[in-house]
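Asks: could you look at this predicted model? Sequence included:
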Amino acid sequence: MKELLAKYKPLIASKYKLLKERAFVIIYGKDTVAGKLFDLILLGFILISTFLAIFESIQTVNDRIHTLLVVLEWVITVFFTIEYILRIICIPNWKRYIFSFYGVIDLISILPVYLSFFVKQSKVLSIIRILRLLRIFRILDLVQFTQQANQLKKALKNSQTKIFVFIYFVLVLSVILGALMYMIEPHDKAFTSIPRSIYWCIVTLTTVGYGDVVPTTTFGQIMASIIMILGYGIIAVPTGIVTSEYSRAYRKKEPHKSDTSHKMPQDIGYPHSHTHGHCKYCNAYPLPDGALYCPQCGAKQ
């Protein structure tokens, strides 16, 4: 038995290596015919899966074609499972893929159907697969959209501390104003407790205005008007914070672009294949200067 294994081990290893290479070309190779066809099939399955989750929630449709919906859902889930496993097998840096944004989304997209054996309602979460359509930017080679998305992500990351402080301030303000309204309004109607008063304050401050809790006293209505006006100013603050960080990141990038726009790729530290500064397989941007391998997927550039 050992001799037989030793004899066929090189053959098995070469077959496995060939499988990995072919899978890599098909899954990550957007410039090949097989890669483009795979991407189109993947997008089609994602769309079909999203519609299946929607149709299954419609009782009249589900009663008529329930069996068909279930069969199609399992076919697509098996396809996504095989794709996820192949992505891990064929990529050099598989750990980076598993914990990346797309890796987490790919995993979450297949888990709800398997979890439905234990929690029936979890199948509804399969609609999260629609997030996989973000890959359309990579498939269509829309590098500019990808760069803009990366800039927005960076702006959100840089402004997260300011936004956290702002939300903390709003929560504290809501508790104070809610407690104040609890003191002003009678307790036998809407404002029966401080938590309910805080709920009213948050609804009013965000200008949602459900109308289930309404002040009845004159002073309470005056306070409500002040909180409403204050809400308009508060809503604009997070948008201003993110916009400021986004503009700052854009201004930092512009001089760099103008300084290097007249130079060849090799003059600014990139190999000839890095004309756009992004990975030609997974579209990661930007690549480090002079990088020969993508830090995200590990593919040679």
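Replies: Everything's here; your move. All of these numbers come straight from a predicted model, not from anything done at the bench.
Asks: could you list the low-pLDDT ranges of the protein?
Replies: For the chain, applying pLDDT under 70 flags the ranges 1-13, 123, 135-150, 249-278, 280-285, 296.
Asks: show me how this structure divides into domains.
Replies: Under the assignment the TED database, the domains of the chain span 1-145, 150-252.
Asks: now these as JSON lines including mean neighbour count?
Replies: For glycine as for every other residue, the C-beta is placed from the backbone atoms N, C-alpha and C. Formatted as JSON lines, the domains of the chain follow (neighbours: other CB atoms under 10 Å):
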{"stretch": "domain 1-145", "mean neighbour count": "15"}
{"stretch": "domain 150-252", "mean neighbour count": "15"}
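Asks: between these, which gets nearest to Gly298?
Replies: Judged by CB to CB, the one of the domains of the chain that comes nearest to Gly298 is domain 1-145, at 3.2 Å.
Asks: all helices for this structure, in order.
Replies: 2-28, 33-57, 59-90, 94-98, 101-115, 136-139, 143-158, 160-184, 194-205, 218-260 (DSSP state H).
Asks: any chance of the ones you listed in TSV, plus distance to Gly290?
Replies: Converted to TSV, those look like this (distance: least, CB to CB, whole Å):
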stretch	distance to Gly290
helix 2-28	22
helix 33-57	27
helix 59-90	26
helix 94-98	20
helix 101-115	26
helix 136-139	23
helix 143-158	20
helix 160-184	31
helix 194-205	51
helix 218-260	14
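Asks: what about those, which gets the closest to Lys300?
Replies: Lys300 sits nearest to helix 2-28 of all those, at 10.8 Å, using CB to CB.
Asks: which residue packs closest to Ser109, ignoring adjacent ones?
Replies: The spatial neighbour of Ser109 that comes closest, neighbours along the chain excluded (CB to CB, 6 or more residues apart in numbering), is Arg129 at 4.2 Å.
Asks: and if you look at Lys162?
Replies: Nearest non-adjacent residue to Lys162, counting by CB to CB, 6+ apart: Ile241, 4.9 Å away.
Asks: just checking, that neighbour touches Val165?
Replies: No. Ile241 lies out of contact with Val165 (CB atoms under 8 Å); the separation is 9.7 Å.
Asks: can I assume Phe55 is in contact with His66?
Replies: No. Using CB under 8 Å, Phe55 is not in contact with His66; the gap is 9.8 Å.
Asks: one step back: mind listing what the residue nearest to Ser109 touches?
Replies: 46, 49-50, 53, 80, 109 (CB atoms under 8 Å, 6 or more residues apart in numbering).
Asks: among those residues, which pair sits farthest apart?
Replies: Those two in the contacts of Arg129 that are separated most widely, counting by CB to CB, are Ala53 and Phe80, at 13.3 Å.
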